[in-house]
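J.: Predicted structure and sequence below. I'll ask about it afterward.
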Amino acid sequence: MNNQIRLVISIILLTSICSCATQKPTYRANNSKRIIIIENDSVLRYTELIGCLGNSNTLNYTKENEFLKVSGNLDIKQDGIFSLATDLYGSELKIEKDSLTIKRTGEVFYEDQFLKSKADQKFQEFYIVVDHKKKKITKSNFKRILTNPNFENYTSFEMNKNDAKREYGIDEKYRTLKLVRK
């Protein structure tokens with residue numbers, strides 16, 4: 001029985017490692033409704049979502065220096081709600097460390113890893129004070145702490161940074177939210 005469990009765990013680990021190693025570069029526009037995926041060294045896939053409608057196609061490209069030259073006729077204008085195809089046909093995409101830029105339109109698509117790290121950096125740690133006990137809220141514990149159903153019995157206000165330092169020893173660089181029982 002132990003050998004079967006080890007085999008299953010080994011297969012799961014190998015599958016997850018392989019899927020991470022073969023992940024395709026994915027770039028998203030700021031609104032995340034327009035996506036470009038580099039499938040391989042000559043094919044890219046583009047997807048555009050508008051509400052519950054979507055358009056997804058593939059195009060061939062060649063790589064020259066730091067540009068991807070996409071196939072298609074530059075003068076074709078596609079009518080309709082989906083414009084990414086028109087922006088890509090016959091255009092050049094400039095490849096940078098964490099982004100792709102459509103040279104003709106200037107639209108920038110950011111790599112998923114870059115967007116994730118940017119979102120992670122936006123989270124600012126802060127403190128809450130409940131029943132005169134301070135708790136530091138971090139990215140890893142905020143869901144667990146702030147989904148406490150007992151917090152419905154409290155009202156909250158933001159403390160002055162000087163008062164938080166004096167009363168609870170909280171560094172002035174942090175914001176502090178104090179919860180008081182109703």
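T.: Received it, and whenever you're ready, just let me know what you need.

J.: Which single strand of the chain contains the most residues?
T.: Scanning the chain for the strand with the most residues, using DSSP state E, yields strand 53-64.

J.: and that strand, what's its mean pLDDT?
T.: Averaging pLDDT along strand 53-64 yields 84.

J.: Other residues contacting that strand?
T.: 39, 41-48, 68-72, 81-82, 84-85, 88-89, 93 (CB atoms under 8 Å, 6 or more residues apart in numbering). Where C-beta positions appear, they are placed from N, C-alpha and C, glycine not excepted.

J.: Apply 10 Å and report the result again.
T.: For strand 53-64, the surrounding residues in contact (CB atoms under 10 Å, 6 or more residues apart in numbering) are 33-39, 41-49, 67-72, 78, 80-85, 88-93, 95.

J.: which ones are touching residue 109?
T.: Counting by CB under 10 Å, 6+ apart, residue 109 touches 26-30, 32, 34-36, 46, 84, 93, 99-102, 115.

J.: mind listing which of the contacts of strand 53-64 are in strands?
T.: Using DSSP E, 34-38, 43-49, 67-70, 92-93, 95 are the members of these that sit in strands.

J.: Now restrict the residues you listed to buried residues only.
T.: 34-38, 44, 46-48, 67-68, 70, 92-93, 95 (16 or more other CB atoms under 10 Å).

J.: Which single one of the residues you listed is nearest to residue 140?
T.: Lowest distance from residue 140 to these (CB to CB) belongs to residue 35, with 28.4 Å.
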